[in-house]
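*Asks:* okay, sequence plus prediction incoming.
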Amino acid sequence: MQINGSHRRIPDSRRHHSPGTRTRPGTTSSPRSAFTSDLNCSTLDCGGGGSGCTYTYSDWDALGHSTQPNAWPVESLVLGTVTYSHAELTSILDSAGGLNGLVALAHQLIAARLNEVKNGSLPAGVAVCVRDADALIGSLVVPPRGTDFLDPSATAALTTCLTNYNQGAAGVGSCPPPDPGLD
């Protein structure tokens, strides 16, 4: 078993099957039975905050301006059908949503996508909200890169769904605020 890059031996009394064959650090292949395939397990270091928790869009904004290397898990994201660079994404997160529902939705969609990369997946209901948000955004270009607009009433339900996930109210729970290393 590997926890945050280090190995820990599971006591023999807690094993329910024969010891597995180590194939690379942090990975074990354990034969199950004649009726199932082998089970391969691996635990990866996920960086600050740990896996299984979410950051808000303002947390991701702070990490986007971080001096810490690899504070963001990606260099670009697609919102709708448009690809945005890291710099463009932080610019969107810096901008006020105001009366533009497109910006408010983009804030939450960026955070949900970054949380998905950080955690490896999304809860099924949140994945539907992400899919629907992408469909609604389509080829619109989010300010400040673009000038497109969506009425907040058209985005409210999806923005709320993604906000609940990003704030930990739906899904895995919220992470403690990150240290962006700006000191």
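*Replies:* It's in.
*Asks:* hey, where'd the helices end up in the chain?
*Replies:* All helices of the chain, identified by DSSP state H, fall at 57-64, 86-94, 101-119, 124-137, 152-166.
*Asks:* now for these, which one comes closest to residue 75?
*Replies:* Of all these, it is helix 86-94 that lies closest to residue 75, at 5.1 Å by CB to CB. Backbone N, C-alpha and C define where each C-beta goes, glycine included.
*Asks:* for that closest one, packing partners?
*Replies:* If you count contacts as 3 or more CB pairs under 8 Å, 6 or more residues apart in numbering; DSSP states H and E, helix 86-94 packs onto helix 57-64, strand 76-79, helix 101-119.
*Asks:* I'd like to know which elements the second one is packed against.
*Replies:* Using 3+ CB pairs under 8 Å, 6+ apart as the contact test, the elements touching strand 76-79 are strand 82-85, helix 86-94, helix 101-119, helix 124-137.
*Asks:* circling back: tell me which of the helices and strands packed on helix 86-94 sits most buried.
*Replies:* Of the helices and strands packed on helix 86-94, the one with the most neighbours on average (mean count of other CB atoms under 10 Å) is helix 101-119, at a mean of 23.
*Asks:* can I get that helix in PDB, CA atoms only?
*Replies:* The C-alpha trace of helix 101-119 is given here as PDB (Å, rounded to 0.1, in the frame of the first residue of the first chain):
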ATOM      1  CA  GLY A 101     -24.700  34.000 -15.900                       C
ATOM      2  CA  LEU A 102     -22.000  32.700 -18.300                       C
ATOM      3  CA  VAL A 103     -19.200  34.000 -16.000                       C
ATOM      4  CA  ALA A 104     -20.800  32.700 -12.900                       C
ATOM      5  CA  LEU A 105     -21.300  29.300 -14.500                       C
ATOM      6  CA  ALA A 106     -17.800  29.300 -15.900                       C
ATOM      7  CA  HIS A 107     -16.400  29.900 -12.300                       C
ATOM      8  CA  GLN A 108     -18.100  26.800 -11.000                       C
ATOM      9  CA  LEU A 109     -17.400  24.700 -14.100                       C
ATOM     10  CA  ILE A 110     -13.700  25.500 -13.900                       C
ATOM     11  CA  ALA A 111     -13.600  24.500 -10.300                       C
ATOM     12  CA  ALA A 112     -15.600  21.300 -10.900                       C
ATOM     13  CA  ARG A 113     -13.300  20.300 -13.700                       C
ATOM     14  CA  LEU A 114     -10.200  20.900 -11.600                       C
ATOM     15  CA  ASN A 115     -11.700  19.000  -8.700                       C
ATOM     16  CA  GLU A 116     -12.500  16.100 -11.100                       C
ATOM     17  CA  VAL A 117      -8.800  16.000 -12.200                       C
ATOM     18  CA  LYS A 118      -7.700  16.200  -8.600                       C
ATOM     19  CA  ASN A 119     -10.000  13.500  -7.400                       C
END
